[in-house]
Every structure is written in structure tokens, then in C-alpha cells.
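Q: Pasted the sequence and its predicted model underneath.
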Amino acid sequence: MGIFNIFSKEKKETLDKGLEKSRESFFSKLTKTVVGKSKVDAEVLDNLEEVLVTSDVGVNTTLKIIERIEERVARDKYVGTDELNRILREEIASLLEENNTSDLTEFTVPQVEDGPYVIMVVGVNGVGKTTTIGKLANQFKKSGKKVVLGAADTFRAAAIDQLKIWGERVDVPVIAQNMGSDPASVAFDTLNAAVTQGADVVIIDTAGRLHNKVNLMNELSKVKRVMQKVVPDAPHEILLVLDASTGQNAVEQARQFTKATEVNALALTKLDGTAKGGVVIGISDEFKIPVKYIGVGEGIDHLQVFNKNEFVDSFFSN
């Protein structure tokens, strides 16, 4: 129990530090919204709407939050501006709860009968996709899982090399071919190797291109079909990696990738380097796809499983 408490405290401190820029920016704007005001009125709500939108929460999610606060103001007749922080916190937590996504408490995957649990990772170049794969592999290995990585982003030699470096760093095998090879062939080889080695988890990197949605869709569909020749239900998880620091661009990427393939999990990176942490709230609400992982620092252990309540608590602790 003592060790658990230490890790929980360390995780909270890392999360608090990772959200520091977002939190400071948000509360700076919020303070200006209520200056000279004692109660939440129409003007405060208009200003709050602007604060949420400029904090990258997103227009649709912002309107939901404002509507909920309006209902509380109408019901309670008088809501002081000193209560606004608490009410915001409660309504955003409630909104995220309604997405029916379960919070993870540790890095784990379901047991699969017909072979390893297969994660196919998608996302544009530069979002931290390969780094996220390396950090995930490290966490799964630490939890006792046998992990195999597949370098199916054959479009760039740098992507293959980077994944190999991560493989060496965390001591897990990487299956790779030459640049320009067929990504589906790499995925096929990876799953065969994983089955032979008795692996628990396979993580497949894919090319980060979004210039042509049809080509992307066809390529990812082919990779999936070929993997299913080895592991019938593969991939069990399609993890979309997004760079939180790009704000609404991340939302647009989520929109494009969810149209191109069946994304069922999200990872948001680089939260520590941005004031746009509100994008996590907007993306979680808009797409109803679970945010499973967040990157809150550059360290190998700075990828965390996403917990809605921990996130909201950290975001609103000023």
C-alpha cells in the first residue's frame, strides 16, 4: 500500500507539472472574466464561453458546458463568481463521465485467446507517435508483458531507425524491413514473430500521412487484412496519437482519422509544452472515443494512463 501511495503521489506531481501551462493560462483568463463581479450573470457566461473556446475546449463542448451552468444559475437563482471554479470543475467532470469510458489505473491489456493483443498505432508525422510506442512498450514490459514492435512506417527511414532505437532502449524486439517495403508485409512478419515468441502485446507503427484519405484508408485496411491471417481479430486496438499542442488541428486530425479507420483509443502527447490542455476535454467529449494515454513530459515514464477525475482535479487545482 505504501508503494502504491508513492507512485500515486509521483504520478499526480508529474500530471500537475505537465498541466501547469494550461492551468495557468486558463485561470489567468478566468480571473479576468469575473473581475469586479460578485455573481454569475449573462456577461460572465459570455466571457466564460470565450475563455473555454480560447483554451481549446472546442465550440461544441463549450456550448454544452455553458448550457449546464446556465441551468444551475436558473435553478439556484444566485451563483457567486467565487463558486464558478467549483461548478466548472463539476460540470466538466460530469460531461466526461457521460462518455461511458472506463478509466485505466495501470498499463494493461485484455487477455486474447488466439495470440497477442495487437495495437495498431496511427497519426501524422511529428505528433510523437513513435515515442509513444516506445514509452508504451516500456510500461507494458514493466508490468510483466512480453512485447514485440513492428516498424510498418516504411515511408520514412527515420521512423524505422527511431523505432529500433526505442526497441534497444527498452529491450524489446523490433521487426523491420527496408524503407519502401510493403507495410502489410512488415505487419505480417511482426505478428508471426510475436506468435512464435509467445508475446502478449504487439504494437505496430504505421505511416503518418494524411494527404490523401483514400490512400490512407486503403493502406490501413490492407495492413488489417494481412494481420488477420495470423491473428483473426487483429488489430484489437487502433490507437490514434495526437499532439495536444496543436489545439484544434488535433481535433481536425481526429476527425480525418476516425473517418479513415476504426479508431477506438486516443493518446494525447506534449501536454507539458502547451497551454492548450483543454483540447483533451473537447476531444474526449466530441468523439466519444476513450483517451487512454496522455504524455505529460519527455521522460520515459511521463506517459500516463488517462484518468478523467485526476485530469480534471489537476486542471482545476489553482
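A: Everything's here; your move. Numbers count the residues shown, from 1 in each chain.
Q: so Gln111 sits in a helix?
A: No: looking at Gln111 with DSSP: H, G, I helix; E, B strand; the rest coil, it is coil, so not inside a helix.
Q: For it, give its distance to His236.
A: 11 Å (C-beta to C-beta, to the nearest Å). (C-beta placed from N, C-alpha, C; glycine too.)
Q: repeat for Asp285
A: 25 Å.
Q: Who are the packing partners of the helix or strand containing Thr196?
A: According to DSSP states H and E, Thr196 maps onto helix 183-197. In terms of contacts (3 or more C-beta pairs under 8 Å, 6 or more residues apart in numbering; DSSP states H and E), helix 183-197 is packed against strand 147-152, strand 174-175, strand 201-206, helix 213-227.
Q: Please compute how far the longest one lies from its chain's middle.
A: Pointing back at helix 213-227 there. Put simply, helix 213-227 sits 22 Å off its chain's centre (C-alpha atoms, centre = their mean, to the nearest Å).
Q: Would you mind getting the angle between it and strand 147-152?
A: 140 degrees (axes from the mean of the first three to the mean of the last three C-alpha atoms, to 10 degrees).
Q: send the alpha carbons of the helix or strand just after helix 213-227 over as CSV?
A: Scanning forward in sequence from helix 213-227 by DSSP H and E, the next helix or strand is strand 237-243. Extracted as CSV, the C-alpha positions of strand 237-243 are listed here (Å, rounded to 0.1, in the frame of the first residue of the first chain):
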residue,chain,number,x,y,z
GLU,A,237,-7.0,-1.6,-30.7
ILE,A,238,-6.4,1.2,-33.2
LEU,A,239,-4.7,3.9,-31.2
LEU,A,240,-4.7,7.5,-32.7
VAL,A,241,-1.8,9.6,-31.4
LEU,A,242,-2.5,13.4,-31.4
ASP,A,243,-0.3,16.3,-30.4
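Q: Count the residues that sit near Lys37.
A: Using other C-beta atoms under 10 Å, Lys37 has 14 other residues around it.
Q: Could you report the distance from the closest residue to Phe188 other than its chain neighbours to Asp205?
A: Spatially, and ignoring its direct neighbours in sequence, Phe188 is nearest to Val226 (4.8 Å; C-beta to C-beta, 6 or more residues apart in numbering). Separation of Val226 from Asp205 (C-beta to C-beta): 15 Å.
Q: picking that back up, between Gln111 and His236, what contacts are shared?
A: Contact with both Gln111 and His236 is made by residues Tyr117, according to C-beta atoms under 8 Å, 6 or more residues apart in numbering.
Q: Of the two, which one has the most company?
A: His236 (19 against 7).
Q: Might one say that the more buried one is in contact with Asp114?
A: No: judged on C-beta atoms under 8 Å, His236 makes no contact with Asp114 at a distance of 10.4 Å.
Q: tell me, what's touching these two both at once?
A: With C-beta under 8 Å, 6+ apart, His236 and Asp114 have no common neighbours.
Q: Having no further points to raise, I will conclude here.
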